[in-house]
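# A structural model of the following input is requested.
(one chain, ligands or ions: 1)
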Amino acid sequence: MANEFIEVRTEGGKVGVVTLNRPKQLNALNNGLMDELGAALKAFDADPAIGCMVVTGSEKAFAAGADIGAMASYGFADVYKNDYITRNWETIRSIRKPVIAAVSGFALGGGCELAMMCDFIIAAENAKFGQPEIKLGIIPGAGGTQRLPRAVGKSKAMDMALTGRMMDATEAERAGLVSRVVPLDKLMEETLAAALMICDYSQIAVMAAKEAVNKSFEGTLADGIMFERRMFHAMFATTDQKEGMDAFVNKRKAQFKHQ
Ligand code: HXC
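Okay, here's the model as predicted:
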């Protein structure tokens, strides 16, 4: 079925790319867009040829937030009964292969939250992040109050959530919200290079690494370390571990089979 709000393509036959495509609304995130995004990511996750995904927007906006026009008339009964946000925004949490956010321009409100739901963020120099919901008489509702402090610490997260100010790419990198900042015209090139690099590693190791890092956000340190140790032990049951280590010992490039 054709998508109305996103564009979907693959790069190198291995990377699934989703481009948010509501340019006139600065990629404001409505229900239809979030349904399409979730379905596209799930399809890529289930495709054995795909090793990594990228979510991106336009030069001007990754996404300027949840669609305020759509939300304006919602009442409590609508959002509660329809499980607003939980119903379709959380799909991305179930994706097991890596998802990189390539952010240029505005990533505000739900746009910032969507970027933070991805596994890491590569930002263009013109990126601007913010949680301006306070200006609308609401609070972040797609994980902003939880993921932002984990990324940048309490003081800066409070500053962002309470004043609604934006942070530029330099500040976002310094604070640990984004993994790297690149020139705007190199954003996709650099992101795809990272994605293709990930695709060439053992998919089992990649998925296990993602799962283990995500575990660090839940529960205790001791539980997280134990989870990591067991996943690490499990790697020794894979063919890829034998291949990776044999390749190193014999000074050749590893050819992973994802087994
Ligand atoms: C609906 C939006 C939108 C949004 C922008 N537009 N953001 N429409 N929802 N979140 C629309 C504008 O209405 C306008 O439409 C067009 O996009 C261009 O926007 P401008 O404001 O003219 O552009 P500019 O002057 O460059 O300002 C850019 C901006 C500003 C600073 C990003 O648009 C802005 O402040 N947007 C709202 C940001 C925000 O509050 N986000 C949080 C939303 S709440 P027209 O038709 O006039 O051309 C949220 C809840 C999260 O995300 C919790 C659950 C997920």
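
# what pairs with V8 across the strands?
Beta bridges link V8 to V18, judged by DSSP bridges.

# Just the pLDDT for it.
The predicted local distance difference test score for V8 is 98.

# Ok, E218 next?
Residue-level confidence at E218 comes out at 89, pLDDT.

# and the nearest residue to it once chain neighbours are set aside, what does it touch?
Spatial nearest neighbour of E218, chain neighbours left out: G224 (7.7 Å); criterion: CB to CB, 6 or more residues apart in numbering. Backbone N, C-alpha and C define where each C-beta goes, glycine included. By CB atoms under 8 Å, 6 or more residues apart in numbering, the contact list for G224 reads 212, 215-216, 218.

# Quick check: the farthest pair among those residues?
With CB to CB as the measure, no two of the contacts of G224 lie farther apart than A212 and E218, at 11.2 Å.

# more crowded one of those two?
With neighbours defined as other CB atoms under 10 Å, A212 and E218 compare such that A212 has more, 17 against 9.

# In terms of helices and strands, where is the more buried one?
With secondary structure defined by DSSP states H and E, A212 is part of helix 203-215.

# following that helix, which helix or strand comes up?
In the C-terminal direction, the helix or strand that comes right after helix 203-215 (DSSP H and E) is helix 221-235.

# mind checking how far that following helix is from the chain centre?
Once both centres are worked out by CA atoms, centre = their mean, to the nearest Å, helix 221-235 turns out to sit 23 Å from its chain's centre.

# Output it as CSV, restricted to C-alpha atoms.
Written as CSV, here are the backbone C-alpha positions of helix 221-235 (Å, rounded to 0.1, in the frame of the first residue of the first chain):
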residue,chain,number,x,y,z
LEU,A,221,23.4,-2.2,37.5
ALA,A,222,23.8,-5.7,38.8
ASP,A,223,20.9,-7.0,36.7
GLY,A,224,22.2,-5.2,33.6
ILE,A,225,25.7,-6.6,34.0
MET,A,226,24.3,-10.1,34.5
PHE,A,227,22.2,-9.7,31.3
GLU,A,228,25.2,-8.5,29.4
ARG,A,229,27.4,-11.4,30.7
ARG,A,230,24.8,-14.0,29.6
MET,A,231,24.4,-12.4,26.2
PHE,A,232,28.2,-12.2,25.9
HIS,A,233,28.4,-15.9,26.8
ALA,A,234,25.7,-16.7,24.2
MET,A,235,27.8,-15.1,21.4
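
# Now do the helix or strand just after it: distance to the chain's middle.
Heading C-terminal from helix 221-235, the first helix or strand you meet, by DSSP H and E, is helix 239-249. Centroid separation for helix 239-249 versus its chain: 30 Å, with CA atoms, centre = their mean.

# Run a quick check on V206 versus D119, I expect a contact.
No: counting by CB atoms under 8 Å, V206 sits too far from D119 to count as a contact (10.1 Å).

# overlap in contacts of the two?
P98.

# how close does the residue lying closest to P48 once chain neighbours are set aside sit to A64?
In space, and not counting its chain neighbours, P48 is closest to H258: 7.9 Å by CB to CB, 6+ apart. The span separating H258 from A64 equals 38 Å under the rule CB to CB, to the nearest Å.

# Buried ones in stretch 81-98, by neighbour count?
Of the residues in stretch 81-98, those buried under the neighbour-count criterion (16 or more other CB atoms under 10 Å) are 84-85, 88-89, 91-92, 95, 97-98.
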